[in-house]
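Chemist: task: produce atomic coordinates for the following.
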Amino acid sequence: MRRIGDIFLKGLLAVLPAAVTLYLLYWLIATAERGLGSLVRLLIPDAWYHPGMGVALALLAIFALGVLLKFYLLRRLWEWFERVLLRLPVVKTIYGAVQDLTSFVSQAEEIGDQVVTVPLPGSDYRVLGVVTRRHWEGVAEGLGDGHTIAVYTPMSYQVGGYTLLVPASVVEPVDMSVEDAMRFAVTAGMSTSKSAPLAEASAAGGDD
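Modeler: Numbers count the residues shown, from 1 in each chain. Next up is the predicted model:
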């Protein structure tokens, strides 16, 4: 029975990410179609309406917002709107968390240029991080010099982390992409690389 349970669990872990991803995509598309599709019907005759116009309108609105935010005045207006949301009880908690998450995901590839481990003083433990700065021109005096680098260390299951200013000589490079390292750290080491799908990782684990 235990063997059957292990096989079932591996199958579940293999299919669950795809199922959740597809469901979220379906939910987003269906929500956009229901909400904005009704708006489209108000603007055009019913005979002209075709399924998918609501989704098309949503994509067009998002693109238009991205274009408008390039203008200084509209960007400042949007920042004011965000400040209002961040002052409202409950709303600020939800909006702030989603804002941090989207910012984290969008910057995962650009957050640094090399994955390293940093030793913890007085122990054999090491922390996984990403080098974010090697040069200190234009930075406040005293933060770093030619021998110091800045390393960002993400926190597991949280949007956040620490910026460590350490001697470049103490870190050890890791042959790992920034994206994989961030995923590994944020999931407390339980994630696998995109180049190693969960089904393959599970099969490898079963061969041990």
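
Chemist: please work out the average pLDDT along the strand or helix carrying Val118.
Modeler: Assigned by DSSP states H and E, Val118 belongs to strand 114-119. Average pLDDT, strand 114-119: 90.

Chemist: direction included, what does it pair against?
Modeler: strand 126-133 (antiparallel), strand 172-173 (antiparallel) (DSSP bridges).

Chemist: how far is stretch 10-22 from where the chain is centred?
Modeler: Chain-centre distance of stretch 10-22: 19 Å, with Cα atoms, centre = their mean, to the nearest Å.

Chemist: now stretch 138-148
Modeler: Using Cα atoms, centre = their mean, the offset of stretch 138-148 from its chain centre is 29 Å.

Chemist: in that stretch, what counts as buried?
Modeler: Gly144 (16 or more other Cβ atoms under 10 Å). No exception for glycine: its C-beta is placed from N, CA and C like everyone else's.

Chemist: mind listing residues that contact it?
Modeler: 133, 136, 150, 165-169 (Cβ atoms under 8 Å, 6 or more residues apart in numbering).

Chemist: how many residues are close by Gly189?
Modeler: 10 (other Cβ atoms under 10 Å).

Chemist: ok, now how distant is the residue lying closest to it once chain neighbours are set aside from Ala181?
Modeler: Distance criterion Cβ to Cβ, 6 or more residues apart in numbering; nearest residue to Gly189, sequence neighbours excluded, is Ser156 at 8.0 Å. Going from Ser156 to Ala181 by Cβ to Cβ, to the nearest Å gives 13 Å.

Chemist: in this protein, what residue sits furthest out from the centroid?
Modeler: Ala47 (41.6 Å; Cα atoms, centre = their mean).

Chemist: mind checking how far the residue nearest to Gly189 is from Asp6?
Modeler: Taking Cβ to Cβ, one finds Ser156 at 26 Å from Asp6.

Chemist: how does this structure divide into domains?
Modeler: 2-106, 114-199 (automatic domain parsing).

Chemist: now do the helix or strand where Phe184 lies, average pLDDT.
Modeler: Per DSSP H and E, Phe184 falls inside helix 178-186. For helix 178-186, mean pLDDT rounds to 80.

Chemist: quick check: angle from it to strand 114-119?
Modeler: 30 degrees (axes from the mean of the first three to the mean of the last three Cα atoms, to 10 degrees).

Chemist: so which residues of the protein form helices?
Modeler: Secondary structure of the chain (DSSP state H): helices at 2-43, 53-68, 72-85, 91-106, 178-186, 198-207.

Chemist: next one: the third one to chain centre, how far?
Modeler: Helix 72-85 has its average C-alpha position 23 Å from the chain's average C-alpha position, going by Cα atoms, centre = their mean.

Chemist: residues contacting it, please?
Modeler: Contacts of helix 72-85 (Cβ under 8 Å, 6+ apart): 68-69, 91-92, 95, 99.

Chemist: list the buried ones in that helix?
Modeler: So for helix 72-85, nothing qualifies as buried (16+ other Cβ under 10 Å).

Chemist: then the shortest one?
Modeler: Neighbour-count burial for helix 178-186, with 16+ other Cβ under 10 Å as criterion, is recorded at 178, 180-186.
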